[in-house]
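Participant: Below are the sequence and a predicted model; questions follow.
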Protein chains: 2
Amino acid sequence: MSESRPRIVPEATVARLAVYLRVLAGLADGGRSHVSSGELASAAGVNPAGLRKDLSYLGPCGVRGVGYSISGLRDRLTEVLGGERSRPCVLVGIGRLGSALADYTGFASRGFQFAGLLDSDPRQVGTEVGGLVVRPVEELEAVVAETHAAIGVITTPAEVAQSVCDRLVAAGVRSILNFAPVALTVPAGVDVRKVDLSVELQVLAFLDQQRDGSPPVVAALRATGGAR
Amino acid sequence: MSESRPRIVPEATVARLAVYLRVLAGLADGGRSHVSSGELASAAGVNPAGLRKDLSYLGPCGVRGVGYSISGLRDRLTEVLGGERSRPCVLVGIGRLGSALADYTGFASRGFQFAGLLDSDPRQVGTEVGGLVVRPVEELEAVVAETHAAIGVITTPAEVAQSVCDRLVAAGVRSILNFAPVALTVPAGVDVRKVDLSVELQVLAFLDQQRDGSPPVVAALRATGGAR
DNA sequence: ACCTGTGAACACGTTCACAGCG
DNA sequence: CGCTGTGAACGTGTTCACAGGT
C-alpha cells in the first residue's frame, strides 16, 4: 500500500543501504537536517556517485541542490529494509560465536530479535544468554513453530551444520545465515548466506604476503577489495 | 625460488582457494588419491568450470583425464596461500566476539596464530583466552613490536575502532580485519577488510521480506546471491 | 572416453560525466 | 550555482563451450 515503485534492488546495493542507515542513525544526533551524498559516502566508505545510484533504486528521495533529509532518508531506508516489523530469528549452536551474536545489541536495535536459542550441549541448555534461555536442540521444530521464525542462524560445528539446516528447512525456515565452514545444500526457494571468518583472515594474509614477496605482482583488487 | 609462474590471482579466487583447501583437508582422510573438479566443486558449493579456472591461475596442477592429486593440490594451495610460515596476528577487543575468534581452533590449524590479545577493560586484562593472557591496550605498540605482527583484527566497539586502527598502523601493521561497524580510514599501502555481521542479517531479512511481500518482484541475485 | 585448461561470451557492479531540477 | 539522478563506458567476475592431453 505504501509501496511507491516496485523497482528491483541489486543485492550489493541492499548491503550498502544497511550501512547508510546506520550512518544516518549516528548523524541524526548532530542536530543537522540534511546531508549531501558526498558526506554520507565518505562516512560510509563508498563512492558518492555509487551512493546516489544506490538510493536511486528507491525512487527519488533527495532534494536537488540541497541533499538528503536525514530523518526522511532514515525512514525510507527503514521501510525498504523491512525494519518495521521485528523479525524473529532462531539461533542454533550457542558456543562462543553464537553467544556473541545472541548478545549483540546491534541486532535488537535494528528490528531483529532472537526468538529462540538452541544447543545440543546439556551444559549449555538452561543457561541464559542475551535475555533468553537456551533450549535443547531437540525442540528446534517446536521453537520454530512457536515463534514463526523465518530466519535461522547456524553457528554449530561443521559436522552437524547440514543436519541442523535440514531440520530448519523442514520446519519452515526459508532464510539461513551459515557461520559453519561447509557448503550447505538446500532445496530451491530457500536462501543461504555464508560467512566464513577464517577465509576472511586467509585472504588478508595472502594479500599481505603478496605485497612483501613480490612487489611487481599485485592481485587485481578493485570491486570487493580495499576498504569497502 | 619455488615460484613457477607469477600470474596475478583475482581476490575472489583467493577466497575460494581457501575453501578448496579446507575441503581437501577433509577429503584426505578418505583414503582416495584423486578428485575431479566436479566433486570438489560440489563439496565447495561452486561451479565446476569456475573451480578449474580458479586453479588455472596457479598454473596446471591437475592431470587430464584423471583429476587432481589430493595431496599435491593441498600442498600447492598451502604454498600459494602462504600457510607455510605461521603469521602472527594481534587481536584488539576481547569481548564475546573477540573471545570467539581467539578461541577458534580453525585459525591455528591453518597457519594463523594470535600472538597478542589486547583489551581496555581492566577486568579482561590478565584473563586467559585461547591459551594467551589478555594484555592492556596501552601495550599495543609494544606487543606489535615484540611479535612482528603484520595483521591486526579489530573487535572493539565502533567508537574506538578508528583510534585503535590508527595505532596499529603507526605500529607497523599493514593488514587489518575490521569487525566494528564503521568505515575505517587508513593511509595508502594499508589494506582493510570489513566484516559486518548485522549487515549480513539485514540483507537476509530483506530478501526474505521481498519474497513474501511481492512475488513478482525479485531482486537480481546472481553473482553473490543464493548459496555460495 | 574422460577430465583438465582456457579463450570467448555474458552478466553484474562500479565509475564517470553530464543532464535536469531546485 | 549546487547537488541529485542517471545513461553510458569501463572493469571485474562468472559461465559456457570446446580444444588439448592422457
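Facilitator: Cool, the structure landed. Numbers count the residues shown, from 1 in each chain, chains lettered A, B, ... in the order given.

Participant: Quick check: buried residues in the helix or strand bottoming out on mean pLDDT in chain A?
Facilitator: Taking mean pLDDT, DSSP states H and E as the measure, the helix or strand of chain A with the lowest value is helix A:105-108, at a mean of 81. By 16 or more other C-beta atoms under 10 Å in any protein chain shown, the buried positions in helix A:105-108 come out as A:106, A:107. C-betas here are computed from N, CA, C, even on glycine.

Participant: Same question for stretch A:184-204.
Facilitator: Neighbour-count burial for stretch A:184-204 flags A:184, A:186, A:190-204 (criterion: 16+ other C-beta under 10 Å).

Participant: How far off centre is that stretch?
Facilitator: With C-alpha atoms, centre = their mean, to the nearest Å as the basis, stretch A:184-204 stands 12 Å off its chain's centre.

Participant: swap in stretch A:68-77?
Facilitator: Offset of stretch A:68-77 from its chain centre (C-alpha atoms, centre = their mean): 20 Å.

Participant: how about it against DNA strand D, any contact?
Facilitator: Yes - contact of stretch A:68-77 with DNA strand D is found when judged by C-beta under 7 Å from any atom of the strand, involving residue A:68.

Participant: which is the next helix or strand following the least confident helix or strand of chain A?
Facilitator: Next helix or strand after helix A:105-108 toward the C-terminus (DSSP states H and E): strand A:112-119.

Participant: Alpha carbons of that next one, as CSV, please.
Facilitator: As requested, the backbone C-alpha atoms of strand A:112-119 are provided in CSV (Å, rounded to 0.1, in the frame of the first residue of the first chain):
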residue,chain,number,x,y,z
PHE,A,112,15.9,-8.2,14.8
GLN,A,113,15.0,-10.4,17.7
PHE,A,114,16.4,-13.8,18.5
ALA,A,115,13.2,-15.6,19.5
GLY,A,116,14.9,-18.9,20.2
LEU,A,117,18.4,-20.2,21.2
LEU,A,118,19.2,-23.9,20.8
ASP,A,119,22.1,-26.1,21.7
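
Participant: so how far is the next helix or strand after that strand off the chain centroid?
Facilitator: Per DSSP H and E, the first helix or strand lying C-terminal to strand A:112-119 is strand A:128-129. Distance, stretch centre to chain centre, for strand A:128-129: 22 Å (C-alpha atoms, centre = their mean).

Participant: and strand A:128-129, which strands flank it?
Facilitator: Strand A:128-129 pairs in its sheet with strand A:132-136 (antiparallel), by DSSP bridges.

Participant: What segments of chain A are helices?
Facilitator: Read by DSSP state H, chain A holds these helices, from start to end of the chain: A:11-27, A:37-44, A:48-56, A:70-81, A:96-103, A:105-108, A:140-147, A:158-170, A:197-213.

Participant: Make CSV from the ones you listed and add distance to residue B:98 to it.
Facilitator: Written out in CSV, the entries for these read as follows (distance: least, C-beta to C-beta, whole Å):
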stretch, distance to residue B:98
helix A:11-27, 21
helix A:37-44, 24
helix A:48-56, 31
helix A:70-81, 28
helix A:96-103, 8
helix A:105-108, 15
helix A:140-147, 29
helix A:158-170, 22
helix A:197-213, 12
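
Participant: tell me the mean pLDDT for stretch A:140-152?
Facilitator: The predicted model gives stretch A:140-152 an average pLDDT of 97.

Participant: and it, how far out from the chain's middle?
Facilitator: In this view, stretch A:140-152 has its centroid 19 Å away from the chain centroid, taken as C-alpha atoms, centre = their mean.

Participant: repeat for stretch A:134-146
Facilitator: Distance, centroid of stretch A:134-146 to centroid of chain: 23 Å (C-alpha atoms, centre = their mean).

Participant: Pull the residues that contact that stretch.
Facilitator: Identification of contacts with stretch A:134-146 by C-beta atoms under 8 Å, 6 or more residues apart in numbering or on different chains yields A:90, A:92, A:94, A:115-120, A:122, A:124-128, A:149, A:152, A:164, A:167-168, A:170-173.

Participant: Mean neighbour count, the helices of chain A: which tops it?
Facilitator: The highest mean neighbour count among the helices of chain A belongs to helix A:96-103 (a mean of 23), with neighbours defined as mean count of other C-beta atoms under 10 Å in any protein chain shown.

Participant: Can you spell out which helices and strands pack onto that helix?
Facilitator: strand A:87-92, strand A:112-119, strand A:128-129, helix B:96-103 (3 or more C-beta pairs under 8 Å, 6 or more residues apart in numbering or on different chains; DSSP states H and E).

Participant: Among the ones you listed, which comes closest to DNA strand D?
Facilitator: Smallest distance to DNA strand D across the helices and strands packed on helix A:96-103 (C-beta to the nearest atom of the strand): 25.4 Å, for helix B:96-103.

Participant: Could you figure out how far the closest one is turned away from helix A:197-213?
Facilitator: Angle between the axes of helix B:96-103 and helix A:197-213 is 70 degrees (criterion: axes from the mean of the first three to the mean of the last three C-alpha atoms, to 10 degrees).

Participant: Domains in chain A, by residue range?
Facilitator: Structural domains assigned to chain A are A:11-81, A:87-195, following automatic domain parsing.

Participant: can you give me how far the longest one is from the chain middle?
Facilitator: In other words, domain A:87-195. On C-alpha atoms, centre = their mean, the centre of domain A:87-195 falls 14 Å from the chain's centre.

Participant: my read: residue A:36 touches residue A:67, true?
Facilitator: Yes - counting by C-beta atoms under 8 Å, residue A:67 is a contact partner of residue A:36 at 4.2 Å.

Participant: If you count surrounding residues, which of the two has more?
Facilitator: residue A:67 (18 against 15; other C-beta atoms under 10 Å in any protein chain shown).

Participant: For the more buried one, which residues are in contact?
Facilitator: The neighbourhood of residue A:67, defined by C-beta under 8 Å, 6+ apart, consists of A:34, A:35, A:36, A:37, A:39.

Participant: pLDDT wise, what is it at?
Facilitator: Reported pLDDT at residue A:67 in the predicted model: 98.

Participant: how much space between it and DNA strand D?
Facilitator: For residue A:67, the distance to DNA strand D (C-beta to the nearest atom of the strand, to the nearest Å) stands at 4 Å.

Participant: What residues are bridge-paired with that residue?
Facilitator: Residue A:67 has the following beta-bridge partners by DSSP bridges: residue A:63.

Participant: show me what contacts the most centrally placed residue in chain A?
Facilitator: Nearest residue to the geometric centre of chain A (C-alpha atoms, centre = their mean): residue A:15, 7.6 Å. For residue A:15, the set of contacting residues under the criterion of C-beta under 8 Å, 6+ apart consists of B:199, B:202, B:203.
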